[in-house]
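Enquirer: Dropping the sequence and predicted coords here.
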Number of protein chains: 2
Amino acid sequence: MRVTRKSDYGLRALCTLARHYNREPVSIGQLSAEHKIPEPFLEKIMQELREHGLVEATHGRGGGYLLKKRPSQISLREIVQALDGPIALVTCLDPSLKCAIEDGCPTSPIWEIVNHQLEEYLASLTLSDVMKLQGE
Amino acid sequence: MRVTRKSDYGLRALCTLARHYNREPVSIGQLSAEHKIPEPFLEKIMQELREHGLVEATHGRGGGYLLKKRPSQISLREIVQALDGPIALVTCLDPSLKCAIEDGCPTSPIWEIVNHQLEEYLASLTLSDVMKLQGE
DNA sequence: TGAACTCGGAGTATTTTACTCGGAATTTGA
DNA sequence: TCAAATTCCGAGTAAAATACTCCGAGTTCA
Ligand code: FES
Ligand code: FES
């Protein structure tokens, strides 16, 4: 029942990018120092975020990353899905896998409901919510 | 973001025990056959459920397991906590571990909220809810 | 007394997560 | 124009968590 470290690291980095929204890009070096994230690992994370359209990168000296959308347009759900893959509380809910029992499985309906609730809840929270909470 | 197989297996087994509430105990053999769970693994699972006071066992021939409380008194949260340990969406929320940043960590407030919501939601669902959904 | 059970502890195997490495490509400023 | 600062990409390795096994011992009951 855990979000991977990738998602937590990713979210922390995105917070910094939210502060820099509409300003100069932020490099891996800066991000990893601020949040104590191993550099090469964060590099991979930012790459995935870019592939999923959440950030964009500028190459070369002075380059780095910036948010591609407004902080209020980026939900926790998107972030977690980008880094951890589909939200599936049990393996049977992961579209890329299949389950042992299928029909007549007593637990599948309840997990579907819980999963759906969780997904909707994460969709309702955005980077700007995270920023707001931080200030308190 | 996954409940372990242990919890899913455990929940399936508990469903059968719910049907047998106030009747004869059900053995590991029966349970594992019905739900296609490896016998020795299920044995461990039932042991943990017993240690957490959710089921009770009777030894010897004709023995097996029975629920120790009414199905409506057993929440998903208890089950998951018994088998997967504390519900902690990120490692920082697990009381047995500590975190790298602590003060000023931008993500900790939001994860606490999400974690709490999830926990409450699981607490609100019981074995009898699972049974009801199954009938549909 | 022996078959059908659970108990308990100590394992092993498999999968997932976390993280590293090195070389190529891109941009900018001196 | 070249060297430094940066991302990009693919292929790894290391560590941790999960999934599962094994076996000998204790219980109960017919
Ligand atoms: S085994 Fe797949 S839904 Fe239960
Ligand atoms: S690192 Fe522990 S709360 Fe963020």
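Expert: Received it, and whenever you're ready, just let me know what you need. Ligands and ions are numbered 1, 2, ... in the order given.
Enquirer: The nearest residue to residue A:96 once chain neighbours are set aside in helix, strand or coil?
Expert: In space, and not counting its chain neighbours, residue A:96 is closest to residue A:86: 7.5 Å by Cβ to Cβ, 6 or more residues apart in numbering or on different chains. For glycine as for every other residue, the C-beta is placed from the backbone atoms N, C-alpha and C. Under DSSP: H, G, I helix; E, B strand; the rest coil, residue A:86 falls in the coil class.
Enquirer: Per-residue confidence, residue A:86, what does it come out as?
Expert: Residue A:86 carries a pLDDT value of 96.
Enquirer: Same check on the one 4 residues further on?
Expert: Note on residue A:90: pLDDT of 95.
Enquirer: Equivalent analysis for the one 4 residues further on, please.
Expert: Residue A:94 is assigned a predicted lDDT (pLDDT) of 87.
Enquirer: same thing with residue A:136?
Expert: 65.
Enquirer: Residue A:109 too?
Expert: At residue A:109, pLDDT is 95.
Enquirer: now do residue A:3
Expert: pLDDT recorded at residue A:3 is 97.
Enquirer: Three-state assignment for the closest residue to it other than its chain neighbours, please.
Expert: Of all residues beyond its chain neighbours, the one nearest residue A:3 is residue B:89 (5.2 Å), with distances taken as Cβ to Cβ, 6+ apart. At residue B:89 the chain is in coil, as set by three-state DSSP.
Enquirer: Residue B:89 against residue B:114, yeah?
Expert: Yes - look at residue B:89 against residue B:114 with Cβ atoms under 8 Å: they come within range, at 6.0 Å.
Enquirer: okay, those two: which has more neighbours?
Expert: residue B:89 (23 against 19; other Cβ atoms under 10 Å in any protein chain shown).
Enquirer: so who does that one touch?
Expert: A:1, A:2, A:3, B:1, B:111, B:114, B:115, B:118 (Cβ atoms under 8 Å, 6 or more residues apart in numbering or on different chains).
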